[in-house]
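Based on what follows, work out the 3D shape:
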Amino acid sequence: MTIVADRVDAVIGVDTHTDTHTAAVVSPIGGVLAELTVAATGAGYTQLIAWATAHAPGPRLVWAVEGTRSHGTGLTRALTAVGHQVAQAPNPPAARRRRGGKSDTLDAVTAARTVLASQQLATPRADGPREDLRLLVACRRHYTDTRTATVNVFKSVILTAEDTLRAVLRGLSTARQVSYLLTHTLPGGEPTPPGPLCCWAWPARSASSTRTSPRTCASYANWSTPSCPPCSTNPVSAPSAPPPC
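Next comes the predicted model:
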């Protein structure tokens, strides 16, 4: 199987950042033909495309873009819209970065040369239902991790509570522990004392009442409206703010 260098006239490597993109036009034998840094805006993308076309030795171009689903998403969409071929450039090894220092231009050249030496191009992830589902899964993972962390802190605070209170809470589910702390009194009629445990009961209640469903999230993979559907939460009504500790 031939390598990419045998099938193209040039590869444009792009080191992407939040505010700027640095590009380098590299010939099939690895020589640097031109370099440019533009703003990461629509006008910058247009300038970059025109510049690369003018400096390339032929029409067969491949763009090696770092972070096609992060900092380079906007550029990737602009290139795809005008029919250019885009490949996901691998990140340079950390050891190489430490030895050679950090340089946007060198990173762009490295991205282009790496793609030139490869046999197949790494196709960027596409927009549409796949990207929608990725965002839904990321949202579900975030709320699941938040719930777990909040409940873990709540449980750890219970370990240092008064013996009487710990005896009452022992053996109860998390939901019942939270409900007891917010609505009940201690044996003997004394109210539950305020403090860190009471304060953590409120976020624990919110977290424990949130459920995420992969099946429900997946059903929205083809949603056509811009508004986010209520796919990941099923909150139980609760007061808007906790009482002062």
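
Show me what the host helix or strand of residue 51 is packed against.
Taking DSSP states H and E as the criterion, the element that holds residue 51 is helix 42-55. Packing partners of helix 42-55 (3 or more Cβ pairs under 8 Å, 6 or more residues apart in numbering; DSSP states H and E): strand 20-26, strand 32-39, strand 61-65, helix 73-81. Backbone N, C-alpha and C define where each C-beta goes, glycine included.

of all these, which lies closest to residue 45?
Across the helices and strands packed on helix 42-55, residue 45 has its closest neighbour in helix 73-81 (4.0 Å, Cβ to Cβ).

quick revisit: I'd like the helices and strands packed on helix 42-55 laid out as JSON lines, including mean pLDDT.
Below are the helices and strands packed on helix 42-55 laid out as JSON lines (pLDDT from 0 to 100):
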{"stretch": "strand 20-26", "mean pLDDT": "97"}
{"stretch": "strand 32-39", "mean pLDDT": "96"}
{"stretch": "strand 61-65", "mean pLDDT": "96"}
{"stretch": "helix 73-81", "mean pLDDT": "95"}
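
Out of those, the one nearest residue 55 is which?
When those are compared (using Cβ to Cβ), the closest one is strand 32-39, at 4.0 Å.

tell me which element residue 13 falls in.
According to DSSP H and E, residue 13 maps onto strand 10-16.

whoops, residue 115 was the one
Short version, using DSSP H and E: residue 115 is in helix 104-117.

What's the mean pLDDT across that helix?
Mean per-residue pLDDT for helix 104-117: 94.

for the closest residue to residue 201 other than its chain neighbours, helix, strand, or coil?
Closest residue to residue 201 apart from its sequence neighbours, by Cβ to Cβ, 6 or more residues apart in numbering: residue 181 at 4.3 Å. The local conformation at residue 181, judged by DSSP: H, G, I helix; E, B strand; the rest coil, is helix.

Retrieve the pLDDT associated with residue 181.
pLDDT at residue 181 comes out at 78.

ok, now how distant is the residue most central in space within the chain from residue 149?
Taking Cα atoms, centre = their mean, the centroid of the chain lies closest to residue 138, which sits 7.2 Å from it. Distance of residue 138 to residue 149, given as Cβ to Cβ, to the nearest Å: 16 Å.

sorry, back to before: want to throw the helices and strands packed on helix 42-55 into a markdown table with mean neighbour count?
Formatted as a markdown table, the helices and strands packed on helix 42-55 follow (neighbours: other Cβ atoms under 10 Å):
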| stretch | mean neighbour count |
| --- | --- |
| strand 20-26 | 25 |
| strand 32-39 | 16 |
| strand 61-65 | 26 |
| helix 73-81 | 18 |
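
For residue 102, find the nearest of the ones you listed.
Residue 102 sits nearest to strand 20-26 of all those, at 11.6 Å, using Cβ to Cβ.

Paired strands for the closest one, with orientation please.
Strand pairing for strand 20-26, using DSSP bridges, gives strand 10-16 (antiparallel), strand 32-39 (antiparallel).
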